[in-house]
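# Provided below for reference: sequence and predicted model.
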Amino acid sequence: MSHQLIGYVRVSSQGQNTARQLQGIELDMEFIDKVTGSNLDREKLQECVAYARKGDTVIIDSIDRLARNLRDLQEILETLTKKGVIVKFIKENLTFTGNDDAMSTLMLQMMGAFAEFERTMIKSRQKEGITQARLAGKHLGRPFKVDNKFRKVVKDKLESCQSIRSIAKDMNVSRATIYKVKEQINDQGMQT
């Protein structure tokens, strides 16, 4: 039985392009996940691990494509190498067989720690950006699209003492939408 070259590709969302990863490498089999790398519960990753056999090589573009934290990275690598599978990272130019020297292990741990650190920093900057945007009065999320006709109907229903729940049900919107319109009516008055 010949050994196979197996590719594992991961992008964080459906809209992202997988073509740049493992470009130009001829593979026998490829597994592609379009989900976050923050956990191990990835369908194609699990299929890849189950599919790989002794002597096969799993090729991954970069360490951060396999795992976003050091513990998960080590767990996946250990599972594969215990099966006799070789794991190769293209960008970092690292290969793991299970019989790795101390320097290779150190490099893996350092690169995994950097990937985890980078993820933590991105989340921190994102949180700071959201806080700054809110302080600046910017609206976050989907645009709130309600016209004056809608506001007038809500205002009339509120004035007739209809409950928020029944208004939302009648107008086929969420209660949050009715609360937002009510807040707008109270804050700004209504221009018709």
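Happy to help now that I have it. Treat the numbers as computed from the prediction; the structure is a model and nothing was measured. Residues are numbered from 1 along each chain as shown.
# quick one, helices of the protein?
Listed in chain order, the helices of the chain (DSSP state H) span 43-51, 63-66, 70-82, 102-135, 148-159, 164-171, 175-188.
# give me phi/psi at the residue sitting furthest away from the middle of the chain?
The outermost residue of the chain, judged against the average C-alpha position, is residue 160 (45.6 Å), by CA atoms, centre = their mean. Here is the backbone geometry of residue 160 (degrees, to the nearest 10): phi -90, psi 10.
# state the distance from it to residue 146.
19 Å (CB to CB, to the nearest Å). In this view, the C-beta of every residue, glycine as well, is placed from N, C-alpha and C.
# and residue 18, by the same measure?
Taking CB to CB, one finds residue 18 at 39 Å from residue 146.
# cool, and residue 99?
Using CB to CB, residue 99 is found at 64 Å from residue 146.
# look at the two and report which has more neighbours.
Taking neighbours as other CB atoms under 10 Å, residue 99 and residue 146 compare with residue 146 leading, 15 against 7.
# excluding sequence neighbours, find me the nearest residue to the residue positioned nearest the centre of the chain.
Central residue of the chain (CA atoms, centre = their mean): residue 36, 3.1 Å from the mean position. In space, and not counting its chain neighbours, residue 36 is closest to residue 12: 5.5 Å by CB to CB, 6 or more residues apart in numbering.
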